[in-house]
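>>> the following block contains a protein sequence and its predicted model.
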Amino acid sequence: MAKSEDEHLQYLRLALEEAKKCIPTPTAFCVGCVLVSRLGSEPTVIATGYSRELPGNTHAEANALSKFRSLPEDELSKFAPMPSSHAAILASADVYTTMEPCSVRTSGLPPCADALIDAKVQRCFIGVGEPDDFVQCEGAQKLMDAGIEVIWLKGLEEESLSVARRGH
Ligand SMILES: Nc1nc(O)c(N)c(N[C@@H]2O[C@H](COP(=O)(O)O)[C@@H](O)[C@H]2O)n1
């Protein structure tokens with residue numbers, strides 16, 4: 001396996017570890033997400049998130065974005081060689097998510113695909129497409145329509161889905 005492909009799978013495995021932290025519920029998936037900045041000489045994890053980690057009915061991708069945005073400005077130098085803002089770092093970031101970002105929410109809350117588009121992230125690496133257990137998901141298409149590169153990683157589809165469906 002090529003080095004870069006292996007690196008992407010490593011980040012997806014990290015996202016799977018996040019997904020395993022979710023408290024399962026029969027009415028939603030257990031998803032994990034990792035945000036990686038590539039502004040420095042080495043890629044750096046800038047935030048992680050999982051479904052229902054933050055209070056309320058919260059999703060993995062939105063939680064990772066919120067956690068990163070809540071970091072104080074003076075900690076951002078860890079992620080970028082030049083003085084940089086939260087928005088600039090996110091605009092260079094890659095997203096690794098165990099399941100396709102949601103495009104519609106049964107609760108009516110804002111979908112993760114919209115949050116990633118608003119953050120102007122670079123690329124989104126996905127472990128598995130969202131099955132139509134609850135809704136018809138069009139998250140990957142939404143991201144691509146907004147100019148975000150979508151990469152379907154191969155190899156962890158079954159594990160991503162079985163972790164997502166824990167508690168169903
Ligand atoms: N990508 C993604 N990340 C999460 O953290 C999720 N929980 C989901 N699930 C999706 O959201 C729908 C449920 O919506 P509500 O939380 O009830 O508003 C579910 O149908 C999945 O599409 N996806």
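Yes, it's here. Owing to the predicted nature of the structure, the values given are computational and were not obtained by experimental measurement. Residues are numbered from 1 along each chain as shown.
>>> skipping adjacent residues, who's closest to Glu157 in space?
Across the structure, with CB to CB, 6 or more residues apart in numbering as the measure, the residue nearest Glu157 apart from its sequence neighbours is Val128 (4.5 Å). Heads up, the C-betas are built off the backbone N, CA and C, glycines and all.
>>> which residues does the one you found bridge with?
Met99 (DSSP bridges).
>>> where in this structure is pLDDT low?
Where the chain drops to pLDDT under 70, the residues are 1-5.
>>> show me what from it comes close to the ligand.
Those residues of the chain that sit near the ligand, judged by CB under 6 Å from any ligand atom, are 28-29, 31, 51, 57, 59-61, 99, 101-102, 105-107, 109, 112, 130, 134-135, 137.
>>> near the residue nearest to Glu157, how many other residues are there?
Using other CB atoms under 10 Å, Val128 has 23 neighbouring residues.
>>> try Arg38
Using other CB under 10 Å as the criterion, Arg38 is surrounded by 16 other residues.
>>> over to Pro55?
Residues near Pro55, counting by other CB under 10 Å: 6.
>>> got it, and Phe68?
Using other CB under 10 Å, Phe68 has 21 neighbouring residues.
>>> Arg13 now?
Neighbour number of Arg13 under other CB under 10 Å is 17.
>>> related to what we said a few turns ago, how near is the residue nearest to Glu157 to the ligand?
The gap separating Val128 from the ligand is 10 Å, by CB to the nearest ligand atom, to the nearest Å.
>>> got the contact list for that residue?
By CB atoms under 8 Å, 6 or more residues apart in numbering, Val128 lies in contact with 98-100, 156-158, 160-161, 164.
>>> from memory Val34 sits against Glu18, does it?
Yes: using CB atoms under 8 Å, Val34 is in contact with Glu18, at 6.8 Å.
>>> need the overlap of contacts for these two.
In the contact map built from CB under 8 Å, 6+ apart, the residues linked to both Val34 and Glu18 are Thr48.
>>> more crowded one of the two?
For Val34 versus Glu18, neighbours defined as other CB under 10 Å are more numerous around Val34 (28 against 25).
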